[in-house]
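**Student:** Provided below are the primary sequence and the corresponding predicted coordinates.
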Amino acid sequence: MRTPLIAGNWKMNLTLREAEALARQVADAAAKYNDRDVLIYPTFLQFVSVAKATAGSRVAVGVQNCSAEKDGAFTGEISASQAKDAGAAYILLGHSERRHVIKESDSFIKQKVERVLDQGLRCMLCVGETLAERESGNAEAVVLDQINSALSGIKPDQWKLISIAYEPVWAIGTGKNATPDDAQKMHATIRKRIAELNAAIAPGIRILYGGSVKPDNIGAIMAMPDVDGALVGGASLKADSFGDLIKNAK
Ligand code: PGA
């Protein structure tokens, strides 16, 4: 029912030439499977070249962020409509590095969600708790607050544009994972909350897991019934490991 989605978040990595080459290799790897979707998030500057390098392939290309504003005098920003115009298939929002390093608030992320949905673009919303929040027993409350804040009040016909990436902050780039059981527990909790917000959409919405996903652990995590894919940082930057992630993602 839910097609698995393997997404690579390239963050602020790679030269233009490296990005183009990696995009072509990802397209070759993705061509071997028609039962799973593949998505990459290059930087804004790499986006157009990467989209060209993957044109006609099974790889979708998205952007890692967008402005909370529509257009106008916002130096250094890029709008959702500009991302759409360039051909972006998805916009990633609320990544933990933007929440915790750049200090984006829930209300600011909500504004961005609205900009993306106004454009009819797909929004991948990242949520996740810090280690302190997990250790104090607040992980579920934190994640559900992030979901409520970003998604309550969106229009019924916009829900089909939403996917979620659950990424525990303490697992990102650290080599530490949530256990498959812990991931499943949180994903089921998220799906239940989505059902409360929109019952019809919940069974079909894709919820990805992220945080130190590697070729050797993706299989166990994706075997969980509510885990529909992976959002991968470090291991998406090399063609062989991303190819193995795509291969093992069932
Ligand atoms: P990681 O990053 O796979 O390097 O932990 C995941 C992410 O930040 O999306």
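**Tutor:** Happy to help now that I have it. Numbering: from 1, shown residues only.

**Student:** then the helix or strand bottoming out on mean pLDDT in the chain to PDB, C-alphas only?
**Tutor:** None of the helices or strands of the chain scores lower by mean pLDDT, DSSP states H and E than helix 131-135, at a mean of 95. What follows is helix 131-135, C-alpha atoms only, in PDB (Å, rounded to 0.1, in the frame of the first residue of the first chain):
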ATOM      1  CA  LEU A 131      18.600  12.900  24.000                       C
ATOM      2  CA  ALA A 132      17.600  15.000  27.100                       C
ATOM      3  CA  GLU A 133      13.900  14.900  26.000                       C
ATOM      4  CA  ARG A 134      14.100  11.100  25.500                       C
ATOM      5  CA  GLU A 135      15.800  10.500  28.800                       C
END
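
**Student:** Please pull up the helix or strand immediately following that helix.
**Tutor:** Counting by DSSP states H and E, the next helix or strand C-terminal to helix 131-135 is helix 139-151.

**Student:** Gly50: what's it in contact with?
**Tutor:** One thing to correct before we go on: residue 50 is Val, not Gly. Ala19, Glu20, Ala23, Ile40, Pro42, Val61 (C-beta atoms under 8 Å, 6 or more residues apart in numbering). For every residue, glycine as well, the C-beta is placed using N, CA and C.

**Student:** Mind checking which of these are in helices?
**Tutor:** Within these, residues falling in helices by DSSP state H are Ala19, Glu20, Ala23.

**Student:** Give me the pLDDT for the second one.
**Tutor:** Per-residue pLDDT puts Glu20 at 98.

**Student:** right, and out of the ones in helices among the contacts of Val50, which lies closest to the ligand?
**Tutor:** Ala19 (16.8 Å; C-beta to the nearest ligand atom).

**Student:** ok, that closest one touching Ser49?
**Tutor:** Yes: the pair Ala19 / Ser49 is scored as a contact, 6.7 Å apart, by C-beta atoms under 8 Å.
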